[in-house]
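1. Sequence below, structure please.
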Amino acid sequence: MDDPTAGNGALLMEVSALGALHAALHAAGYRVIGPTVRDGAIALDELESAGDLPFGWGVELKPGGTASSARCCCAGTAPWSAIS
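-> Below is the predicted model of the structure:
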C-alpha cells in the first residue's frame, strides 16, 4: 500500500470514520462546514456532528433550477460565500 501521507493523490475514508474526524476537528477549535439538509434543500452550513451530513440526499439539476430529493448521493448548491 502506498504511503497515504505522501500527498500524491486522493484519500478515501470510511463513512464510519466521519464522526471521529468531525470530533477531532471540533476539539482542535475548527468550525466544521459541509453540506446539510435545511428546509428541504441541501445547503452549506456549520455541522454539529457527522450525522448532519445529507446521507441519502441529492440534487437534481434541471433547466430553471434545482430540486433536492432523497437518493443515494449528495451534492451542494450553495456557494462557499454563503457561510459567514
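
2. From here on, just use CA atoms for contacts and neighbour counts.
-> OK.

3. Which of the three states applies to residue 12?
-> coil (DSSP: H, G, I helix; E, B strand; the rest coil).

4. residues near it, how many?
-> When neighbours are counted by other C-alpha atoms under 10 Å, residue 12 registers 6.

5. Next one: it from residue 34, what distance?
-> With distances defined as C-alpha to C-alpha, to the nearest Å, the gap from residue 12 to residue 34 amounts to 17 Å.

6. Over to residue 24?
-> 15 Å.

7. and if you look at residue 17?
-> Residue 17 is 16 Å from residue 34, by C-alpha to C-alpha.

8. So for those two, which residue has more residues nearby?
-> Using other C-alpha under 10 Å as the criterion, residue 17 and residue 34 rank with residue 34 on top: 18 against 10.

9. The more buried one should be in a strand, yeah?
-> Yes - Residue 34: assigned to a strand according to three-state DSSP.

10. That one and residue 44 touch, don't they?
-> Yes - the pair residue 34 and residue 44 passes the contact test of C-alpha atoms under 8 Å, sitting 5.2 Å apart.

11. where along the protein do the helices fall?
-> 18-27 (DSSP state H).

12. what about it, any weak spots by pLDDT?
-> With pLDDT under 70 as the threshold, the chain has low-confidence stretches at 1-8, 65-84.

13. What segments of it are strands?
-> 33-38, 41-46, 57-62, 65-70 (DSSP state E).

14. tell me the most buried of those strands?
-> strand 41-46 (a mean of 20; mean count of other C-alpha atoms under 10 Å).
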